[in-house]
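A.B. asks: Structural data only, the sequence is not supplied:
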């Protein structure tokens, strides 16, 4: 083969590789899944190819990566770990081929952990335990190892059962969405002991069941998606606290049936907000008023599957991918960055997907 053709083939291979980025898929392993899967996602076509098992694991239903992509942390959503009523967290090293190499495992200090998130400098991790009603905080070492809990925030101090569903760090704050108590809580880091202390509880109306949330870039607005009444609550910062400024439905006006919200994400430019509906099996698209943070629904689109538990936006913002848990498929949509609207492209079969992560 002539050098010219070899060069063309090599260039084509480099371009194809550059267009492909890894997508990790957390799953439930009670059916046909074995753990965390890895796909190649093509940024030009939106196609998912080359599926492989990144690592075997038990119910890795929610996963997160360190900012340098060198380490992954996955919950084990179970209710019995080493004889205690708890789940666990696995730490992994990400190898060059994208597969995951086990580092260590610790208790999540509560049953059925369902969400995990790292802080900005990757020194801490927060794990939300749905059945346990606790949020377990851990430190992370430079080699990726996760320590036993440094603090456990327990919401089980009231008559109503707590279901901590997600927790996120923002600057020196930790915010927690508690579906069971219908509370959105703000904790603040205390300099004296480096532990988080309760600053404020924000009662979500009508027992809405806050599940996941997004924080605007500067923290001026927080968008909480509520599972039990299919709404999004908008909170606006007022001095050091937040106040509710809007509650709006995620469902289409003509939908008649049961539906439960799941996931929520902001576009990178902060102009649009997306939420998933399990039951209506849709993604609701909202335009954001930049001045007051309020939402205007502009689209409802089918996820072409059943029970969209989780979804994600590609790093370039050009695609939205939805994980349909019950129908076991991942649907890919093209994002119009100017309007925020979605266009369905295609879907592929996937083993009980519950979390998508670029």
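C.D. replies: That came in fine, so what should we check first? Please read these numbers as outputs of a predicted model, since none were measured by experiment.

A.B. asks: Relative to residue 62, how far out is residue 36?
C.D. replies: Residue 36 sits 11 Å away from residue 62, going by CB to CB, to the nearest Å. For every residue, glycine as well, the C-beta is placed using N, CA and C.

A.B. asks: between these two, what contacts are shared?
C.D. replies: Contact with both residue 36 and residue 62 is made by residues 26, 74, according to CB atoms under 8 Å, 6 or more residues apart in numbering.

A.B. asks: ok, for residue 74, nearest residue in space, not its chain neighbours?
C.D. replies: residue 60 (4.0 Å; CB to CB, 6 or more residues apart in numbering).

A.B. asks: ok so the one you found is a strand residue?
C.D. replies: No. Using DSSP: H, G, I helix; E, B strand; the rest coil, the secondary structure at residue 60 is coil, not a strand.

A.B. asks: Tell me who's in contact with it.
C.D. replies: Going by CB under 8 Å, 6+ apart, residue 60 touches 26, 27, 29, 35, 36, 74, 75, 76, 77, 90, 355.

A.B. asks: phi, psi of it?
C.D. replies: The phi and psi values for residue 60, taken as degrees, to the nearest 10, are phi -80, psi 70.

A.B. asks: So it versus residue 208, what's the distance?
C.D. replies: 28 Å.

A.B. asks: So, low pLDDT: which residues of the protein?
C.D. replies: For the chain, the stretches with pLDDT under 70 are 1-17, 158-159, 192.

A.B. asks: quick one: the helices in it?
C.D. replies: Under the criterion DSSP state H, the chain carries helices at the ranges 3-19.

A.B. asks: Quick one: the strands in the stretch 251-358 of the chain, in order.
C.D. replies: With DSSP state E, counting those that start in this stretch as the criterion, the stretch 251-358 of the chain has strands at 260-266, 272-278, 282-288, 295-302, 308-313, 319-324, 329-335, 342-349, 353-357.

A.B. asks: partners of the fourth one, with directions?
C.D. replies: Partner strands for strand 295-302, per DSSP bridges, with pairing direction: strand 282-288 (antiparallel).

A.B. asks: chain center to the strand it pairs with: distance?
C.D. replies: 17 Å (CA atoms, centre = their mean, to the nearest Å).

A.B. asks: Could you tell me the angle between that strand and strand 342-349?
C.D. replies: Interaxial angle of strand 282-288 relative to strand 342-349 (axes from the mean of the first three to the mean of the last three CA atoms, to 10 degrees): 150 degrees.
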